[in-house]
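In: need coordinates for the below:
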Amino acid sequence: MIQLRKPAVFLDRDGVLTEERSYIASIEGLHIFPYAAECVRRIHEKGYYAIVITNQSGVARGLFSEEQLAKMNEYLMQRTGVDAVYFCPHHPEGKVAKYRQDCRCRKPGTGLFEAACREWNIDMAHSYMVGDRAGDVIAGQNAGVKTVLVESGYGSERLECDVSPDYVFEDLRGLVGML
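Out: From the prediction side, this is the model:
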């Protein structure tokens with residue numbers, strides 16, 4: 001069966017769907033925003049996939065395992081209804097040798113977007129990347145999608161570098177209201 005192309009709203013995890021709490025190592029530490037599931041439902045209603053694209057260097061840093069992260073990802077999918085979670089466990093200065101590398105999947109690289117596109121047949125020209133950091137905005141720009149910076153995590157007050165997102169909203173509800 002041929003899957004029709006449709007756009008996606010790519011979502012960073014921390015600061016967008018969940019509270020930004022540094023390195024979250026367990027389901028108990030994953031505090032999902034109370035509006036996240038409703039936003040994902042509305043993203044779907046508007047004809048978009050909702051796909052998480054997240055750097056999780058805590059794996060490379062030895063703070064939690066890929067298995068622990070898989071449990072958190074499954075929990076996030078169940079609680080919010082996102083279609084998929086793509087993550088980068090790498091970091092060039094990681095303590096765990098297996099994950100110590102500079103890679104294309106780590107945002108602002110585009111490897112996670114490319115993987116999602118292969119699996120979901122995404123219309124990138126009409127897609128969005130939502131994040132709370134400069135790296136998220138740059139990743140979206142590198143992937144060729146519209147970019148959204150939200151203030152619900154690090155936000156514009158704590159940007160790592162100057163970026164020009166297409167939109168800035170208080171949180172994910174702003175984008176959902178605009179779609």
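In: leaving out sequence neighbours, find the closest residue to Leu175.
Out: Val148 (5.1 Å; CB to CB, 6 or more residues apart in numbering). Yep, even glycine has a C-beta here, placed from its N, CA and C like the rest.
In: right, and Glu93 touches Arg100 too?
Out: Yes: with contacts counted by CB atoms under 8 Å, Glu93 reaches Arg100, the gap being 7.1 Å.
In: between these two, who's got more neighbours?
Out: Set Glu93 next to Arg100 and count neighbours by other CB atoms under 10 Å: Arg100 wins out with 14 against 9.
In: neighbouring contacts of the biggest strand by length in the chain?
Out: For the chain, the strand with the greatest residue count under DSSP state E is strand 49-55. Under the criterion CB atoms under 8 Å, 6 or more residues apart in numbering, residues 6-14, 17, 40, 43-44, 73, 76, 80-88, 106-107, 112-113, 116, 120, 122, 129, 135, 139 lie in contact with strand 49-55.
In: how near is Ser57 to Asp162?
Out: 23 Å (CB to CB, to the nearest Å).
In: which residues in the chain form strands?
Out: Under DSSP E, the chain gives strands at 8-11, 49-55, 84-88, 128-131, 146-150, 167-169.
In: could I get the longest one in PDB with only the CA atoms?
Out: What it means is strand 49-55. Listed in PDB are the C-alpha atoms of strand 49-55, where the atom choice follows Å, rounded to 0.1, in the frame of the first residue of the first chain:
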ATOM      1  CA  TYR A  49       2.200  13.700  11.900                       C
ATOM      2  CA  ALA A  50       3.600  14.500  15.400                       C
ATOM      3  CA  ILE A  51       7.200  13.200  15.600                       C
ATOM      4  CA  VAL A  52       9.700  13.800  18.400                       C
ATOM      5  CA  ILE A  53      13.200  14.600  17.300                       C
ATOM      6  CA  THR A  54      15.500  14.800  20.400                       C
ATOM      7  CA  ASN A  55      19.100  14.800  21.400                       C
END
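In: still on that earlier bit, number of residues surrounding the residue nearest to Leu175?
Out: 27.
In: from the contacts of strand 49-55, which ones fall inside helices?
Out: Val40, Ile43, His44, Asn73, Leu76, Thr80, Leu112, Phe113, Ala116, Trp120, Gly135, Ala139 (DSSP state H).
In: alright, calling it a day.
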